[in-house]
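Asks: sequence first, then the predicted structure:
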Amino acid sequence: MTPSGDDTSTATPDKDLADATREAKSAAAEAQAAADKSEQSATDAADEAAAAAHADDDDTNFADELLIEERHPSVGMGTPGPPLRRGNPFTFGFFAALGVLVALGLWNAAGQARSVLILLLVSMFIAVGLNPLVEWFMRRGLKRGLSVGVVFLLMILAVAGVAVAIVPVVSDQINSLIKNAPEWLDLLNKSKTLNELDDKYHFIQKAQEYVQDPALAQRAFGGILGVGKVVAGALFNTFTILVLTLYFLASLPSVKRAAYSLVPSTRRTRVSILGDEVLGRVGGYVSGQFLVALTAGVMMFIFLEIIGLREYAVALAIVVMFCDFIPMVGGLIGVVVVALIGFTGGLGIGIACLIYGVIYQQVENYFVAPRIMRRAVDIPGAVTVIAALLGGALLGVVGALLAIPSAAAILLIIREVWVRKADAS
């Protein structure tokens with residue numbers, strides 16, 4: 001009886017342990033299920049919150065698109081997009097057309113301002129030509145401002161002296177023409193050849209009809225106004241050139257420094273040397289041409305004193321001197337003017353003036369000018385002729401005046417830059 005009782009007591013604890021294990025597993029399963037359900041709920045809540053935030057962002061972006069003022073300052077104007085491709089045909093065509101339009105606009109502006117640009121070029125040319133004289137006074141102890149004032153005063157006195165010397169001659173010639181006109185008309189009327197030509201072509205009758213034409217007065221008045229405009233324009237241009245020359249002459253060192261400062265520092269020294277050499281050659285050309293013209297004027301004055309045109313000697317010598325500044329044709333113009341005045345004093349005097357002018361031009365071209373200009377500008381004779389022709393064709397007398405120093409400057413740059421690079425290659 002005892003063994004069976006022991007088996008019953010032993011089996012009961014084992015059954016209780018199994019029941020406890022099953023209950024523990026059941027509780028663990030329920031806890032795991034509850035945890036999974038809680039995690040799923042949290043995930044769903046996070047998804048809903050993210051969706052709500054995304055919706056808020058969409059609403060905000062839409063509001064930013066509608067109202068730029070509501071955009072936050074830190075956002076700025078947005079992120080820039082990628083640059084346009086240079087090979088894009090539209091881009092290339094647009095910028096090419098824009099460049100052409102700008103070039104045409106600048107060309108038209110330069111054409112409309114042509115007269116002003118010519119005045120600027122002439123003023124700069126005169127200032128560079130007078131700068132050696134200013135530096136000469138500075139080497140004698142004067143400051144630049146005082147030296148510029150002295151040179152400018154001398155230039156004004158020279159212009160005034162030319163006017164005083166030439167105006168009486170012109171006035172005298174006009175008075176002489178009016179005084180001798182009746183005698184010349186009588187000689188024309190007594191000429192047999194002239195009468196035969198008048199019977200054939202009736203030019204005297206046509207001249208009378210032209211003089212008696214009522215519209216002649218209006219045309220003459222318009223001509224007087226045109227002459228007045230020309231004289232006023234000449235005076236205004238002269239005054240403008242004087243003022244600009246004074247300005248350029250006074251500020252030439254600062255202008256050079258400002259121009260050289262635009263050059264990269266690695267090349268500034270060489271550019272400064274070349275620039276000073278170019279300006280020196282231009283100034284040397286002006287000084288040399290002044291000596292050549294002064295020589296021509298002095299020789300003409302001596303010649304006119306010898307042949308008996310003493311009353312016109314000073315004025316005609318000044319005319320010859322100023323005409324001699326014009327390359328190639330200036331000397332011929334001066335000779336023609338002197339010869340015309342000489343013919344008023346007699347046929348022999350006029351012929352003598354022509355012969356002297358032709359001979360002196362040969363002496364000047366082959367002996368005087370080469371000796372003086374050799375030190376100022378070093379350019380071949382063919383280049384001088386070509387430069388003068390091109391300058392005259394482009395800008396007239398002003399272009400002819402600026403052609404030779406410009407050619408000298410271009411040749412200097414070619415020799416020092418282009419030729420040296422070619423030799424080094």
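Replies: Perfect, thanks for sending it. Numbers count the residues shown, from 1 in each chain.

Asks: please report how far Pro253 lies from Glu135.
Replies: 10 Å (CB to CB, to the nearest Å). In short, each C-beta sits where N, CA and C put it, glycine included.

Asks: sorry, slip of the keys, the one I care about is Trp418.
Replies: 30 Å.

Asks: more neighbours: the two, which one.
Replies: Glu135 (13 against 10; other CB atoms under 10 Å).

Asks: packing partners of the strand or helix carrying that one?
Replies: Assessed by DSSP states H and E, Glu135 sits inside helix 114-139. Counting by 3 or more CB pairs under 8 Å, 6 or more residues apart in numbering; DSSP states H and E, the packing neighbours recorded for helix 114-139 are helix 144-190, helix 215-250, helix 252-261, helix 265-307, helix 381-413.

Asks: export the shortest one to PDB, keeping only CA atoms.
Replies: This points to helix 252-261. Output of helix 252-261 as PDB, limited to C-alpha atoms (Å, rounded to 0.1, in the frame of the first residue of the first chain):
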ATOM      1  CA  LEU A 252      50.100 114.500 -69.700                       C
ATOM      2  CA  PRO A 253      52.100 112.700 -66.900                       C
ATOM      3  CA  SER A 254      49.000 111.700 -65.000                       C
ATOM      4  CA  VAL A 255      47.300 110.500 -68.200                       C
ATOM      5  CA  LYS A 256      50.300 108.300 -69.000                       C
ATOM      6  CA  ARG A 257      50.400 106.800 -65.500                       C
ATOM      7  CA  ALA A 258      46.700 106.100 -65.700                       C
ATOM      8  CA  ALA A 259      47.100 104.400 -69.100                       C
ATOM      9  CA  TYR A 260      50.100 102.300 -68.000                       C
ATOM     10  CA  SER A 261      48.200 101.200 -64.800                       C
END
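
Asks: buried ones in stretch 106-125?
Replies: Judged by neighbour count (16 or more other CB atoms under 10 Å), stretch 106-125 contains these buried residues: Ile118, Leu119, Leu121, Val122, Ser123, Met124, Phe125.

Asks: need the helix or strand of the chain with the lowest average pLDDT.
Replies: Lowest by mean pLDDT, DSSP states H and E among the helices and strands of the chain is helix 2-66, with a mean of 57.

Asks: C-terminal to it, what's the next element?
Replies: Next element after helix 2-66 (DSSP H and E): helix 89-112.

Asks: which parts of that following helix are buried?
Replies: When neighbours are counted by 16+ other CB under 10 Å, no buried residue of helix 89-112 is found.

Asks: quick revisit: any chance of the helices and strands packed on helix 114-139 in CSV, with mean pLDDT, distance to Met373 and mean neighbour count too?
Replies: Formatted as CSV, the entries for the helices and strands packed on helix 114-139 read as follows, by pLDDT from 0 to 100; distance: least, CB to CB, whole Å; neighbours: other CB atoms under 10 Å:
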stretch, mean pLDDT, distance to Met373, mean neighbour count
helix 144-190, 75, 22, 13
helix 215-250, 74, 23, 13
helix 252-261, 88, 23, 12
helix 265-307, 86, 5, 17
helix 381-413, 79, 9, 18
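
Asks: and those helices: which comes nearest Met328?
Replies: helix 381-413 (5.1 Å; CB to CB).

Asks: need the contact list for Leu304.
Replies: Arg310, Tyr312, Ala313, Leu316, Ala317, Val338 (CB atoms under 8 Å, 6 or more residues apart in numbering).

Asks: out of those, who's nearest Pro370?
Replies: For these, with Pro370 as the reference and CB to CB as the criterion, the closest is Ala317, at 22.8 Å.

Asks: hmm, Thr295 and the closest one touching each other?
Replies: No: contact criterion CB atoms under 8 Å: Ala317 and Thr295 do not qualify, at 11.0 Å.

Asks: who's in contact with stretch 243-262?
Replies: 119-120, 123-124, 126-128, 130-131, 134, 144-145, 148, 151-152, 155, 268, 271-272, 275-276, 279.
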